[in-house]
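Engineer: structure, please.
(one chain, ligands or ions: 1)
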Amino acid sequence: MLTATIPDTEAHVHSTFASRYVRTPVPRFKMPDKSMPKDAAYQVIHDELMLDGNPRLNLASFVTTWMEPECDKLMMASINKNYVDMDEYPVTTELQNRCVNMISHLFHAPVGDEETAVGVGTVGSSEAIMLAGLAFKRKWQHKRKLEGKPYDNPNIVTGANVQVCWEKFARYFEVQLKEVKLQEGYYIMDPEKAVELVDENTICVAAILGSTLTGEFEDVKLLNDLLMKKNEQTGWDTPIHVDAASGGFIAPFLYPDLEWDFRLPLVKSINVSGHKYGLVYAGVGWVVWRDKEDLPDDLVFHINYLGSDQPTFTLNFSKGSSQIIAQYYQFLRLGFEGYKNIIENCMENTRVLKEGIEKTGRFDIVSKDVGVPLVAFTLKDSSKHTVFEISESLRRFGWILPAYTMPADAQHIAVLRAVIREDFSHGLAKRLVSHIEQVLKEMDSLPSRLSTIRAVADDGSGAKQHHKKSERETQEEIFRYWKRLVDRKRLGVC
Ligand SMILES: Cc1ncc(COP(=O)(O)O)c(C=O)c1O
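Structural biologist: Here you go, the predicted structure:
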């Protein structure tokens, strides 16, 4: 959000306990004229933050919400280090470089024993994707210039299920996004359709290892094989990027034989979120390239403060060091074995939750057993109540379980999604199922609000209709209406 605030007519913040120190209300939108004691400032802010959700019950997010106290200590100890000051903090830089190398090896980059891997730490997968996308765009432009061909109309091929950061990349860096549409029952990019969309202006095809919507892995191997054939036929050399934001720290531990990474020749770069299943708090991602050649040198700035050459390729300059240090802590502390144990445990809890949800008899599961540990499910019968109502009712127990509609062309399907992280236990899975059952029971005893909504949906904004809406269109309209209602309620409008 840019500057949206919680709707409130008050221009001041009133605090209960802080009134021991401050007697006058604090202005909400203007800097106070006077200072206040540190305990008062702490109390004012602490009291306001109480109304945030509980991160541990936030099943909407893949991002880590628990780390060991030893790592918290290391993070606090380095909170005052600016990562960019590489000459002052050479050890932190070294730890970043070690992480890049470990990740590259994990993803089977062809790095020789004497070589260092090519990659960089970022704020998250979004920044990593912007950098990878820029590298593809620049490389494609260089090649087109050399060939004397136009280089002003690049495009990128993805599934319609991509995370918003790909749409941002396309818009910010002026690349056309060509999306493969989804369909009911198939919620990831179809490699055949993706390859059909590839043309001479395609800078890369982006595949997702762990779709944000359903956790499902896209078939990168098939994409690679089909694209190799097309490249052979056309003389192009369209590459692949793998967005492994979530799956990059799942697949190597659970499915070591699955070929999705640099084992496939067309995969030139991969991003992964350190703050998702890399098990670090929010603020770290990674992008690694197959080879030095895949990262055009004119995008890289060289800093030699350290006496040796430190190439940098990032969108911003200053940032904290703590997350990088925390990532190194996790690699060192857990090793391959530790990550494998944690991810296996997440999978086991996913299974418990999935079976509990299936047992209610009211839902269809749309996530797959192979993928990111999450359960995505739809209501079998949405004629009386919707998943939006369930999501809303579960908030009462503290659960944050998002409901959303699928992208084009499956907008008439609405799902609930529970992401399973390390800190979600077997016991919590059982508790969540029992709360879902309770919500269903309560909903069954309430009159459906859908007949009213359906009437509104059928009628549109009161305008005369020229055609009778199909069941699918009405369903889409109902979901849109519900979503608007819930969003407005959350902002306190109704
Ligand atoms: C597939 C995928 N790509 C990219 C992102 C963006 O990641 P980040 O939040 O690390 O910027 C997400 C976030 O959920 C994602 O699921």
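Engineer: okay, now residue 320: neighbour count?
Structural biologist: 17 (other CB atoms under 10 Å). To be clear about C-beta, it is placed using only N, CA and C from the backbone, and glycine gets the same treatment.
Engineer: beta partners of it?
Structural biologist: Here residue 320 sits in beta bridges with residue 82, going by DSSP bridges.
Engineer: the chain should start at 801 in everything you say after this.
Structural biologist: Done: numbering now begins at 801, and the last item shifts to residue 1120.
Engineer: tell me the contacts of it?
Structural biologist: Each residue near residue 1120 by CB atoms under 8 Å, 6 or more residues apart in numbering is listed here: 878, 879, 881, 882, 883, 1083.
Engineer: so who does residue 1100 touch?
Structural biologist: Residue 1100 sits next to 1111, 1112, 1113 when contact means CB under 8 Å, 6+ apart.
Engineer: looking at those, which has the most residues close by?
Structural biologist: With neighbours taken as other CB under 10 Å, the top of the contacts of residue 1100 is residue 1113, carrying 19 neighbours.
Engineer: pull the number of nearby residues for the closest residue to the ligand within the stretch 1151-1294 of the chain.
Structural biologist: Nearest residue of the stretch 1151-1294 of the chain to the ligand: residue 1172, at 8.4 Å (CB to the nearest ligand atom). If you count neighbours by other CB under 10 Å, residue 1172 ends up with 29.
Engineer: that one touches residue 1010, doesn't it?
Structural biologist: Yes - counting by CB atoms under 8 Å, residue 1010 is a contact partner of residue 1172 at 4.0 Å.
Engineer: anything in contact with each of the two?
Structural biologist: Residues touching both residue 1172 and residue 1010 (CB under 8 Å, 6+ apart) are 1046, 1047, 1050.
Engineer: tell me the one of those residues nearest the ligand?
Structural biologist: residue 1046 (5.4 Å).
Engineer: what distance do you get for the nearest residue to that closest one once chain neighbours are set aside to the ligand?
Structural biologist: Among residues not flanking residue 1046 along the chain, residue 1010 sits closest, at 3.7 Å (CB to CB, 6 or more residues apart in numbering). Applying CB to the nearest ligand atom, to the nearest Å, the value for residue 1010 to the ligand is 6 Å.
Engineer: can you tell me how far the residue of the stretch 1151-1294 of the chain closest to the ligand is from residue 1094?
Structural biologist: Residue 1172 is 26 Å from residue 1094, where distance means CB to CB, to the nearest Å.
Engineer: ok, now which ones touch residue 1022?
Structural biologist: Residue 1022 neighbours (CB under 8 Å, 6+ apart): residue 991.
Engineer: any residue of the host helix or strand of it up close to the ligand?
Structural biologist: Residue 1022 belongs to helix 1020-1034 when elements are defined using DSSP states H and E. No - Helix 1020-1034 lies apart from the ligand when judged by CB under 6 Å from any ligand atom; the minimum separation is 13.1 Å.
Engineer: for that helix, what is the average pLDDT?
Structural biologist: Here helix 1020-1034 scores 98 as its mean pLDDT.
Engineer: go through the contacts of residue 1120 and name the one nearest the ligand.
Structural biologist: residue 1083 (9.1 Å).
Engineer: may I ask which helix or strand encompasses that closest one?
Structural biologist: With DSSP H and E as the test, residue 1083 turns up in no helix or strand.
Engineer: neighbours of the closest residue to it other than its chain neighbours, how many?
Structural biologist: The spatial neighbour of residue 1083 that comes closest, neighbours along the chain excluded (CB to CB, 6+ apart), is residue 1123 at 4.3 Å. By other CB under 10 Å, 24 other residues sit near residue 1123.
Engineer: residue 1123 and residue 1086, how far apart?
Structural biologist: Distance, residue 1123 to residue 1086, by CB to CB: 11 Å.
Engineer: who touches both of the two?
Structural biologist: Joint contacts of residue 1123 and residue 1086 (CB under 8 Å, 6+ apart) are 921, 1074.
Engineer: near the ligand, which residues of this structure?
Structural biologist: Residues of the chain lying near the ligand by CB under 6 Å from any ligand atom: 862, 924-926, 963, 965, 1008, 1012, 1043, 1045-1046, 1073, 1085.
Engineer: tell me which of those residues fall in helices.
Structural biologist: If you go by DSSP state H, these have 925, 926, 965 in helices.
Engineer: tell me the SS of residue 846?
Structural biologist: With DSSP: H, G, I helix; E, B strand; the rest coil as the basis, residue 846 sits in helix.
Engineer: save the residues of the chain next to the ligand as a markdown table, and put in neighbour count and pLDDT too.
Structural biologist: Converted to a markdown table, those look like this (neighbours: other CB atoms under 10 Å; pLDDT from 0 to 100):
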| residue | neighbour count | pLDDT |
| --- | --- | --- |
| 862 | 21 | 97 |
| 924 | 21 | 98 |
| 925 | 27 | 98 |
| 926 | 20 | 98 |
| 963 | 18 | 96 |
| 965 | 21 | 97 |
| 1008 | 26 | 98 |
| 1012 | 20 | 96 |
| 1043 | 29 | 98 |
| 1045 | 30 | 98 |
| 1046 | 28 | 98 |
| 1073 | 28 | 98 |
| 1085 | 27 | 98 |
